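>>> prediction below, plus the sequence it came from.
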Amino acid sequence: MSENVYIADIAKYADKEVQIKGWLYNKRHSGKLWFLQVRDGTGIIQSVVFKGSVSDEVFKNCEELTQESSVTVTGTVSADKRSAIGYEIQVKELEIVSVSEEYPITPKEHGTSFLMDRRHLWLRSSRQHAIISIRHEVIKACRDFFDGRGFTLVDAPVFTPNACEGTSTLFETDYFDTKAFLTQSGQLYMEAGAMAFGKAYCFGPTFRAEKSKTRRHLTEFWMIEPEVAYMDLAGDMDLAENFVEYVVQRVLKNKKSELESLERNLEALQKVIRPFPRISYDEATEILKKAEAEFEYGSDFGGTDETIISEGFDRPVMVHRYPAAIKAFYMKEDPEDTSKALCVDMLAPEGYGEIIGGGQREDDLDILIEKIKKHDLPMEAFNWYLDLRKYGTVPHSGFGMGIERMVSWVCGLSHVRETIPFPRLMHRLSP
RNA sequence: UCCUCGGUAGCUCAAUCGGCAGAGCGGGUGACUGUUAAUCACUAGGUUGUAGGUUCAAGUCCUACCCGAGGAGCCA
């Protein structure tokens, strides 16, 4: 009885008889030979069916096999230089589990819209396989980074009673006899987490009802948000650069073949080593001025502005101390220049833009109350949040990183929509 | 919400000045013992997004609408 194995482990079974359970990815034939590309979810292997080596029935069955038919292949693993993975299978037996109906996704060209309508099938193709596999590695690296540094996972709720930064970009939903909103950040809850555990993080989906149609936006995306008590802005930047370096180098180490299959420029990723450059908002505006960009001092950077700023660096750049007026109410003012906030954005190189946003939080009760009033936010909604300043308030900082933007940059993709198994976009809610 | 571009065979796209609806891939049939997006031969396949309008004649021009893509603003 031959052993049932996965293609990923095939090298261990050279010259042995094995069984592969999978699906037909593609086939070719040449007279007395059939070449079946069989995938099993861990890889693709060429299975060679020679008319003289199998029963007439098995050889004839090859004809009936359509793309994505499910099959069980039994044969001997043989090393072959012509194979992309170094091995192929000399088939002895072939069992058809199910003949697939005509498969809509062919090995040839398709448009994004067509493929997105069939996202549940598109995930089977090798390119999508590589991207989702890298996403998995990114997420695992993120968790390992914080878990290995004494952080406690304190997940934030998805249903929230109020907006933390205005309601215009929130999804509203019925919640029994009242309204609830889908979270657009777990940060306020992580501040509670940091006061309880010192170092806390959350990881989960967040929702933004922004009517954005760009390569960097999803309405549902995953965010990892660490928050640390007794940490200032400089410490926050230290943590962020350690974190990004760790994640990128982990993917480079463990998912090299996937990156290569995506034709990613590995050298660009190899340069992502600490320290990352740190420039102030004022210094960033000088760069824009020199580049003669259309930019008004005091406003936030647009996509093209971010690209211009990051172009001058070969690794992520951290821009800190933006004008307080354009930042959220919970950002702490810079004591040396109260017009600035102690915040930081990390811009990825190669035009990928903002992947991290964070900073030091306002820890003074009175200033925070003033800010809530100034931003015209409902005070009663923040009672619990203000408690954190009443009962042993301390300086604290944190940041949020969008997983999909990180994966998009690491993979070198032109759009974030391929970095999540089932993307939710302004014009896409299915499949 | 605004700006730009697009919608033609199952898929990706052509169609000149408004003048016969085309190709490659995929499907089907056949050939080939080393193919790797195999190749070669033959073959079937069309309400040109929808509704109007102009014209002898509309895929092509005009109007409205629907759908999609890219970008802006906003953000991770």
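Right, received. Where do you want to start? All figures in this text were calculated on a predicted structure; none of them were measured in a lab.
>>> the closest residue to RNA strand B within the stretch 51-200 of chain A: how many residues sit nearby?
Residue of the stretch 51-200 of chain A nearest RNA strand B, by C-beta to the nearest atom of the strand: A:Gly111 (2.7 Å). C-beta: built from backbone N, CA, C; applies to glycine. For A:Gly111, the count of nearby residues is 8 (other C-beta atoms under 10 Å).
>>> ok, now the one 5 residues further on?
Other residues near A:Met116 come to 19 when the count uses other C-beta under 10 Å.
>>> one more: the one 4 residues further on?
Number of residues near A:His120 (other C-beta under 10 Å) recorded here: 11.
>>> I'd assumed A:Lys27 was in a strand, is it?
Yes. Applying DSSP: H, G, I helix; E, B strand; the rest coil, one finds A:Lys27 inside a strand.
>>> A:Glu3 pairs with what?
The partner list for A:Glu3 in beta bridges (DSSP bridges) reads A:Val18.
>>> got the residues of the stretch 51-200 of chain A near RNA strand B?
Applying C-beta under 7 Å from any atom of the strand, one finds that the stretch 51-200 of chain A approaches RNA strand B through A:51-52, A:66-67, A:80, A:82-84, A:88, A:90, A:102, A:104, A:106-114, A:116, A:169, A:185.
>>> mind checking which of those residues are buried?
Among these, the ones that count as buried by 16 or more other C-beta atoms under 10 Å are A:Gln67, A:Ser83, A:Glu88, A:Gln90, A:Met116, A:Thr169, A:Ser185.
>>> among these, which pair sits farthest apart?
Maximum pairwise distance among these (C-beta to C-beta): 58.2 Å, between A:Gln90 and A:Thr169.
>>> what about stretch A:375-393, average pLDDT?
For stretch A:375-393, the mean per-residue pLDDT is 90.
>>> and A:His375, how many neighbours?
By the criterion of other C-beta under 10 Å, A:His375 has 12 neighbours.
>>> against RNA strand B, how distant is it?
Applying C-beta to the nearest atom of the strand, to the nearest Å, the value for A:His375 to RNA strand B is 12 Å.
>>> phi, psi for that residue please.
Torsion angles at A:His375 (phi, psi; degrees, to the nearest 10) stand at phi -90, psi 0.
>>> that one - nearest residue in space that isn't next to it in sequence?
Distances taken as C-beta to C-beta, 6 or more residues apart in numbering put A:Phe329 closest to A:His375, at 4.4 Å, once the chain neighbours are dropped.
>>> please apply the same query to A:Glu210.
Closest residue to A:Glu210 apart from its sequence neighbours, by C-beta to C-beta, 6+ apart: A:Thr169 at 5.0 Å.
>>> what number of residues lie near the residue of chain A found nearest RNA strand B?
For chain A, the nearest residue to RNA strand B under the criterion C-beta to the nearest atom of the strand is A:Gly31, separated by 1.9 Å. Neighbour count of A:Gly31, defined by other C-beta under 10 Å: 6.
>>> with A:Glu370 instead?
Neighbourhood size, A:Glu370 [other C-beta under 10 Å]: 13.
>>> secondary structure class of A:Ile20, three-state.
At A:Ile20 the chain is in strand, as set by three-state DSSP.
>>> isn't it up against A:Glu3?
No. Between A:Ile20 and A:Glu3 there is no contact under C-beta atoms under 8 Å: 10.3 Å.
>>> measure how far the helix or strand where A:His129 lies is from the centre of its chain, please.
Here A:His129, judged by DSSP states H and E, is contained in helix A:126-147. On the basis of C-alpha atoms, centre = their mean, to the nearest Å, helix A:126-147 sits 7 Å off its chain's mean C-alpha point.
>>> same question, stretch A:415-424
Worked out by C-alpha atoms, centre = their mean, stretch A:415-424 lies 9 Å from the chain centre.
>>> okay, how far is it across that stretch, tip to tip?
This stretch, stretch A:415-424, spans 13 Å end to end (C-alpha to C-alpha, to the nearest Å).
>>> then stretch A:119-132?
End-to-end span of stretch A:119-132 (C-alpha to C-alpha): 12 Å.
>>> what's next to it, contact-wise?
Stretch A:119-132 is contacted by residues A:23, A:39, A:44, A:68, A:103-105, A:115-116, A:255, A:258-259, A:261-262, A:407, A:411, A:413, A:418-419, A:421-423, A:431 when judged by C-beta atoms under 8 Å, 6 or more residues apart in numbering.
>>> figure out how far that stretch is from the centre of its chain.
Mean-position distance between stretch A:119-132 and its chain equals 15 Å (C-alpha atoms, centre = their mean).
>>> okay, buried residues for it please.
For stretch A:119-132, by 16+ other C-beta under 10 Å, it's A:Arg119, A:Trp122, A:Arg124, A:Gln128, A:His129, A:Ala130, A:Ile131, A:Ile132.
>>> again, but for stretch A:21-30
Buried positions in stretch A:21-30, judged by neighbour count with 16+ other C-beta under 10 Å: A:Lys21, A:Gly22, A:Trp23, A:Leu24, A:Tyr25, A:Lys27.
>>> please apply the same query to stretch A:257-273.
By 16+ other C-beta under 10 Å, the buried positions in stretch A:257-273 come out as A:Glu258, A:Leu259, A:Ser261, A:Leu262, A:Arg264, A:Leu269, A:Val272.
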